[in-house]
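**Student:** sequence plus predicted model, see below.
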Amino acid sequence: MIVDPDKAKRIRVADREFMARGLKPSLFGDLFHHSMAASWPLFFLGFAVYFLTMNLIFASLFHLGGDCIANARPGSFLDKFFFSVETLATVGYGDMHPANAYAHCVVTVEIFTGLSTLAVFTGLIFARFSRPRARVIFAEALVVGPHQGQRTLMARLANARHSVVTEAEAELWLIHTETTQEGRRYVRFSPLRLAHQRNPIFVLSWTLFHPIDAASPLHGLTHADLAAMDARILLVFNGHDETSGQRLIVRRGYHLSDVRFNHVYADIGALPEQEGALPEVDYRKIHHTEAVE
């Protein structure tokens, strides 16, 4: 719902940031999304603030009832606060207990709140832990250089877990602005066809190749042309992780400044020099490139 045309919020999409205006902030309306998107420290901090606030509210209700908690010191708000903590957490040590009907009613509401809170918090913890996270290393830069006698855009990624990812697929997209004949600007997504889009078993590293031929959206475009189009490249990877049994999806965006022309990737693999030795894969060179003529 649009409520304030001047209200601005910074949002991030892939590798770009935008200022969104005119949208109503909705913390509680989309609480699940915020709980899933927040970092772990912020997530637990939010729960701690909620837990403290609820106990302060119920302690205040007990305090309004006078000396309604047996074995609590008369007039002690601190005792009522810790009794609320025990009740909300459904611990119930037994030292203090409700002394009249008013306290029993408040305790009933607080126990219901505590059980509901425990169920929701447990569900959120499980949902956050069960989310598949792909540990894929993307090369810091894309390269444009010769491959099989063809000018080619190349991207490299590696599996940091060394677990088997089957049915791996990758996509490259050219994101650019386009001005129509009427003078309107639109953002376009043009697919960049890959020589090998699928990988049956992704374990170590994978280099993607997009031939810049006559059918390529990059064909005939210079660096200046791409800059005028505000061109960016998006790499999307997905695959099935055999360890977790879940689908992994991860992406990486590249600015035009992240594209190195007349470069190729340095070789990260090495054959054994001695008989019986194992082949090596040097992940320290995953970002290294070499200039070519």
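**Tutor:** Yep, it's here. These numbers come from a predicted model, not from an experiment. Residues are numbered from 1 along each chain as shown.
**Student:** quickly list the domain ranges of the chain.
**Tutor:** With domains defined by automatic domain parsing, the chain comprises 38-130, 136-291.
**Student:** the last one: end-to-end distance?
**Tutor:** Read it as domain 136-291. Length of domain 136-291, first residue to last, CA to CA, to the nearest Å: 25 Å.
**Student:** do the same with the shortest one
**Tutor:** Separation of the first and last residues of domain 38-130 by CA to CA is 15 Å.
**Student:** columns mean neighbour count on top of the domains of the chain, output as JSON lines?
**Tutor:** Glycine gets a C-beta too; all of them are placed from N, C-alpha and C. Converted to JSON lines, these look like this (neighbours: other CB atoms under 10 Å):
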{"stretch": "domain 38-130", "mean neighbour count": "15"}
{"stretch": "domain 136-291", "mean neighbour count": "15"}
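**Student:** could you dump those domains to JSON lines with mean pLDDT and distance to Met19?
**Tutor:** Below are these laid out as JSON lines (pLDDT from 0 to 100; distance: least, CB to CB, whole Å):
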{"stretch": "domain 38-130", "mean pLDDT": "91", "distance to Met19": "22"}
{"stretch": "domain 136-291", "mean pLDDT": "90", "distance to Met19": "16"}
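**Student:** for Glu17, which of those domains is the nearest?
**Tutor:** domain 136-291 (11.3 Å; CB to CB).
**Student:** just how off-centre is the closest one within its chain?
**Tutor:** Mean C-alpha position of domain 136-291 versus that of the full chain (CA atoms, centre = their mean, to the nearest Å) differs by 20 Å.
**Student:** for the domains of the chain, which one sits closest to Arg21?
**Tutor:** Across the domains of the chain, closest to Arg21 is domain 136-291 (CB to CB), at 17.6 Å.
**Student:** how about the domains of the chain in CSV, adding distance to Phe32?
**Tutor:** Below are the domains of the chain laid out as CSV (distance: least, CB to CB, whole Å):
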stretch, distance to Phe32
domain 38-130, 8
domain 136-291, 19
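**Student:** determine how far stretch 134-154 lies from the middle of the whole chain.
**Tutor:** 24 Å.
**Student:** going forward, the N-terminal residue is numbered 548.
**Tutor:** Yep, numbering from 548; the last one is stretch 681-701 now.
**Student:** first-to-last residue distance for that stretch?
**Tutor:** From its first residue to its last, stretch 681-701 covers 21 Å (CA to CA).
**Student:** same check, this time on stretch 749-762
**Tutor:** Stretch 749-762 has an end-to-end distance of 28 Å (CA to CA).
**Student:** how close does Val653 get to Tyr640?
**Tutor:** Distance of Val653 to Tyr640, given as CB to CB, to the nearest Å: 18 Å.
**Student:** Asp777 and Glu725, how far apart?
**Tutor:** 10 Å.
**Student:** can you check Pro764 too?
**Tutor:** As judged by CB to CB, Pro764 and Glu725 stand 11 Å apart.
**Student:** give the other helices and strands that the lengthiest strand in the chain contacts.
**Tutor:** Identified as the longest strand of the chain according to DSSP state E is strand 712-726. Strand 712-726 is packed against strand 697-706, strand 732-739, strand 745-749, strand 752-758, strand 779-788, with contacts defined by 3 or more CB pairs under 8 Å, 6 or more residues apart in numbering; DSSP states H and E.
**Student:** give the pairing partners of the third one; include direction for each.
**Tutor:** Sheet partners assigned to strand 745-749 using DSSP bridges are listed as strand 712-726 (antiparallel).
**Student:** output the strand it pairs with as CSV, restricted to C-alpha atoms.
**Tutor:** Extracted in CSV, the C-alpha atoms of strand 712-726 (Å, rounded to 0.1, in the frame of the first residue of the first chain):
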residue,chain,number,x,y,z
VAL,A,712,26.5,-31.8,-6.9
THR,A,713,24.5,-33.6,-9.6
GLU,A,714,22.3,-32.2,-12.4
ALA,A,715,24.2,-28.9,-12.2
GLU,A,716,23.1,-26.2,-14.5
ALA,A,717,24.4,-22.7,-15.1
GLU,A,718,23.0,-19.7,-16.9
LEU,A,719,24.5,-16.4,-18.1
TRP,A,720,22.4,-13.4,-18.6
LEU,A,721,23.2,-10.0,-20.1
ILE,A,722,21.3,-7.3,-18.2
HIS,A,723,21.1,-3.9,-20.0
THR,A,724,19.0,-0.9,-20.5
GLU,A,725,17.2,-0.3,-23.8
THR,A,726,15.5,2.9,-25.0
